[in-house]
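Trainee: sequence plus predicted model, see below.
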Amino acid sequence: MRPMVEFCASNLGIGSELAKKALEEEPDVDVLEYGCLGNCGQCFVQPYALVNGTLIVADTGEELLAAIRTHITTLKKEDEEWKKLGF
């Protein structure tokens, strides 16, 4: 499972850029940036990203990065469990 993390270009200035740059250095994560992700209300309030389509929100860029990594770890564990079941 290769997680996809999507960032809104308009949100980078309020903290998500830190998370984006850190994740771009990780070889097993796909990082994409779009002009708009359609979460305009959220975009001006807090740093956020979409991880495999799930909205991840935090108060700071550092917290966002930690929350994204935690979510990715959870996704990988779930993927391993499904593989054990033969899926």
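Mentor: Here it is on my side, so go on.
Trainee: count of residues packed around the residue nearest to Ser16 when sequence neighbours are not counted?
Mentor: The spatially closest residue to Ser16, leaving aside those adjacent along the chain, is Pro47, at 4.1 Å (C-beta to C-beta, 6 or more residues apart in numbering). C-beta: built from backbone N, CA, C; applies to glycine. Close neighbours of Pro47, defined as other C-beta atoms under 10 Å, add up to 29.
Trainee: swap in Thr73?
Mentor: When neighbours are counted by other C-beta under 10 Å, Thr73 registers 11.
Trainee: quick one, phi psi at it?
Mentor: As for Thr73, its main-chain torsions (degrees, to the nearest 10) stand at phi -60, psi -40.
Trainee: same check on Leu32?
Mentor: The phi/psi pair for Leu32 (degrees, to the nearest 10) reads phi -130, psi 150.
Trainee: just the strands in the chain please.
Mentor: When secondary structure is read from DSSP state E, the chain shows strands at 4-8, 30-34, 48-51, 54-57.
Trainee: ok so, going back, hang on, the residue nearest to Ser16 packs against Asn11?
Mentor: Yes. Counting by C-beta atoms under 8 Å, Asn11 is a contact partner of Pro47 at 6.3 Å.
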